[in-house]
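Novice: Could you work out the structure for the sequence below:
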Amino acid sequence: MTLPKFLLGLGVCAGLAHLPTLAQQAPASITDSKARSLYEKAQSLYYKERQPQQALLLWQQLTDKFPDYGEPYLRKASLQLTSGDHAGAFESYKLGLSKLPVEPSRAADYLVLGKLATEVGEYATVRQAYTNYLATNPTNKAKAAFAQRQLQNCDFAAEAMAHPTGPAPEVLPAPLNQFRDQYFPVLTADNKSLIFTVQRSPEKVGQENEDVFISTMAADGTFGAPQSISPVINSRENEGTATISGDGNTLVFTSCGRPGGVGSCDLYISHRRGSQWTAPRNLGLLVNSKAWDSQPSLSADGRTLYFSSQRGGGLGGYDIYVSTLGADGTWGQARNLGAPINTAGDDLAPFIHASGTTLYYATDGLVGLGSSDIFRSELDAKGQWSAPRNLGYPFNTFANEASLYISSDNRRAYYTRSEPPQPGSPAGSLPAIRIYGTEVPASVRARETSTYTQGRVFDAITKKPLNAVVQLFDLNTNALTQQVYSDAENGQYTAVLNEGRAYAMYASAPGYLLKSLSFDYSVPQKFNPLTLDIYLDPLRAAVARCSITYSSILIKPPLSRAPAPNSTASWSFCAKTPACAWK
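Specialist: I've put the predicted structure just below:
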């Protein structure tokens with residue numbers, strides 16, 4: 001399934017549950033004869049008669065009538081945990097262990113209590129549980145290191161909660177969050193289309209029915225009722241954790257169990273042509289592996305893909321990988337991002353901001369407030385990622401946080417949080433998964449703020465839409481920073497611009513003269529979206545004036561230089577036509 005692994009973590013304690021021993025005789029610490037009789041009868045019901053619910057009722061009677069004995073609480077707790085009653089198990093473990101001395105034989109119980117306390121954010125109990133575990137002098141180095149990390153988390157949480165980074169995120173209002181679970185929100189660069197995954201039946205393993213949904217922003221700034229993105233994308237299998245390019249024309253999503261797949265869950269790609277999506281195509285073995293590959297994040301121009309994978313050879317259980325689209329239109333071999341992004345833990349849910357220079361992701365391999373926190377890292381001029389920094393409280397809490405998305409303008413943030421079952425929920429209830437939103441505090445924002453230019457490309461004579469390539473070059477480095485295509489049916493394009501940079505923009509199509517424009521945001525000014533239609537002159541209409549001139553949207557003088565010849569396909573016409581000259 002595409003549902004993020006760390007949002008399913010509430011079942012992890014069951015594997016650690018210290019189940020009642022096979023011995024039916026009550027421990028010597030229970031001296032009352034009636035208490036011993038109830039204890040042994042409950043053991044018999046569970047092991048001999050295979051009646052766990054009846055045994056649980058007897059454990060409840062025993063703790064009600066003889067509340068000073070600790071062992072019955074632990075026996076009751078183990079049954080509550082295996083039945084999915086985490087809230088009840090937490091209280092029983094907490095009470096039972098508080099009545100018993102710290103002993104090595106209870107090491108597993110301390111670990112379970114620590115995990116259960118983390119689920120509800122009771123840091124005092126978390127600290128006591130892991131302190132007691134370490135006091136038993138455990139020989140398992142991995143579990144001892146885990147306990148040490150949890151104590152560090154307690155210290156970090158106390159400091160973070162004392163210094164909040166901003167307002168508490170809020171659950172997005174109706175008509176959003178109308179499903180049992182919804183997660184992995186992403187937006188187009190213009191912030192008008194919200195795409196996320198819906199899971200209707202999380203309790204049916206193998207039949208979760210995950211689909212990709214879309215909600216479009218209305219004129220009043222509110223999101224409309226979610227709808228299936230397309231019957232071409234959604235199938236009888238599980239589809240989800242999607243990402244979309246800034247122009248809304250390239251979709252990469254996860255699908256599990258599709259015929260012809262490479263691994264258990266693979267990444268697929270689809271392109272929008274007008275209002276229709278093309279049939280999804282598996283990204284193949286250079287991107288996918290025989291393991292689990294999911295949770296993709298596309299750069300704004302749709303040419304760089306980050307994702308999480310469980311394949312071997314990484315630094316931890318799940319690592320973050322990246323692949324880039326080559327000049328021939330094929331995706332390159334995925335490579336592990338390595339340290340400091342990836343850790344010995346699970347590194348998941350990458351999100352690359354529209355600016356392309358700030359990466360956000362979730363990990364449990366670094367000190368944080370709980371199970372999985374969101375971190376940010378910045379890309380420097382040498383292509384190196386900075387040491388990840390925790391987003392702090394209240395972005396991160398004791399709950400599992402994941403799948404952060406920050407709007408291109410750095411104003412709004414959207415992300416997923418799992419909510420433990422509420423009091424009174426049936427035993428075994430899974431956590432609800434909701435989409436939250438908030439204003440972005442300064443410490444959380446991407447290093448660079450982005451805006452966009454959006455419009456259509458036309459034939460200057462016929463006024464018909466054109467399928468053109470639109471490229472952006474950074475004038476300080478002459479590097480190609482974005483390449484997008486206008487839609488063949490309607491001519492629409494969207495390109496992202498970063499504040500503090502100057503750009504040359506080129507639009508070209510076969511049989512048409514190249515058009516160039518420039519944008520200078522290297523000095524402080526209003527940084528608002530632009531609407532810009534581009535008209536390309538057919539070659540036959542421009543033979544008499546083969547020289548290409550600038551159409552400039554410029555604060556400074558026109559471009560002083562152009563990219564080196566043959567640096568991109570957009571230069572091919574002038575490079576091969578000596579009669580053309582730049583003016």
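
Novice: Can you list the low-confidence ranges for the chain?
Specialist: Judged by pLDDT under 70, the chain has its weakly predicted residues at 1-24, 201-208, 420-429, 524-525, 541-583.

Novice: for the residue positioned nearest the centre of the chain, what are its contacts?
Specialist: Geometric centre of the chain, nearest residue: Ser403, 2.5 Å, by Cα atoms, centre = their mean. For Ser403, the contact set (Cβ atoms under 8 Å, 6 or more residues apart in numbering) comprises 4, 183-185, 241, 295, 349, 351, 362, 415-416. To be clear about C-beta, it is placed using only N, CA and C from the backbone, and glycine gets the same treatment.

Novice: Domain parsing of the chain, as residue ranges.
Specialist: Taking automatic domain parsing as the domain assignment, the ranges for the chain are 5-162, 170-439, 450-576.

Novice: Stretch 306-322: which residues count as buried?
Specialist: The neighbour-count check on stretch 306-322 (16 or more other Cβ atoms under 10 Å) flags 306-311, 314-315, 318-322 as buried.

Novice: Among those residues, which one lies nearest to Thr462?
Specialist: Tyr306 (40.5 Å; Cβ to Cβ).

Novice: Just confirm the closest one is within a helix.
Specialist: No. Assigned with DSSP: H, G, I helix; E, B strand; the rest coil, Tyr306 falls outside any helix and is strand.

Novice: what separates it from Ser371, distance-wise?
Specialist: 22 Å (Cβ to Cβ, to the nearest Å).

Novice: How about Thr357?
Specialist: Relative to Ser371, Thr357 is positioned 28 Å away (criterion: Cβ to Cβ).

Novice: which one of those two has more residues nearby?
Specialist: Ser371 (23 against 17; other Cβ atoms under 10 Å).

Novice: can you tell me how far the more buried one sits from Gly316?
Specialist: Look at Ser371 and Gly316: by Cβ to Cβ, they are 15 Å apart.

Novice: Check the burial of Ala144 by counting its neighbours.
Specialist: The tally of other residues near Ala144 (other Cβ under 10 Å) stands at 16.

Novice: contacting residues around the closest residue to it other than its chain neighbours?
Specialist: Closest residue to Ala144 apart from its sequence neighbours, by Cβ to Cβ, 6 or more residues apart in numbering: Pro138 at 4.9 Å. Going by Cβ under 8 Å, 6+ apart, Pro138 touches 107, 144, 147.

Novice: Wait, a helix at the second one?
Specialist: Yes. The assignment for Ala144 is a helix, going by three-state DSSP.

Novice: I'd like the distance between it and Thr125.
Specialist: Between Ala144 and Thr125 the distance is 19 Å, computed by Cβ to Cβ.

Novice: quick one, helices of the stretch 301-450 of the chain?
Specialist: In the stretch 301-450 of the chain, no helices are found when defined by DSSP state H, counting those that start in this stretch.

Novice: ranges for the strands of it?
Specialist: 304-309, 319-324, 335-336, 347-352, 358-363, 373-378, 389-390, 401-406, 412-419, 432-439, 450-459 (DSSP state E, counting those that start in this stretch).

Novice: wouldn't Thr416 be in contact with Glu401 here?
Specialist: Yes. Counting by Cβ atoms under 8 Å, Thr416 touches Glu401, with 7.2 Å between them.

Novice: What segments of the stretch 151-300 of the chain are strands?
Specialist: 170-171, 181-187, 193-199, 210-216, 227-228, 238-244, 250-256, 265-273, 276-277, 281-282, 293-298.

Novice: My understanding was that Cys98 contacts Leu74; is that so?
Specialist: One thing to correct before we go on: residue 98 is Ser, not Cys. No. In this structure, Ser98 is not within contact of Leu74 by Cβ under 8 Å, at 11.1 Å.

Novice: one step back: let me know which of the strands of the stretch 151-300 of the chain is the nearest to Leu57.
Specialist: strand 181-187 (32.5 Å).

Novice: Pull the distance from that closest one to the chain's centre.
Specialist: Centre-to-centre, strand 181-187 and its host chain are 9 Å apart (Cα atoms, centre = their mean, to the nearest Å).

Novice: And stretch 432-439, by the same measure?
Specialist: Relative to its chain's centre, stretch 432-439 lies at 13 Å (Cα atoms, centre = their mean).

Novice: Give me the contact list for that stretch.
Specialist: With contact meaning Cβ under 8 Å, 6+ apart, stretch 432-439 is reached by 7, 166-172, 176-177, 180-183, 185, 196, 199, 395, 411-419, 421.

Novice: any idea how far Ala242 is from Ile534?
Specialist: With distances taken as Cβ to Cβ, Ile534 is found 29 Å from Ala242.

Novice: Between the two, tell me which one has more neighbours.
Specialist: Taking neighbours as other Cβ under 10 Å, Ile534 and Ala242 compare with Ala242 leading, 30 against 22.
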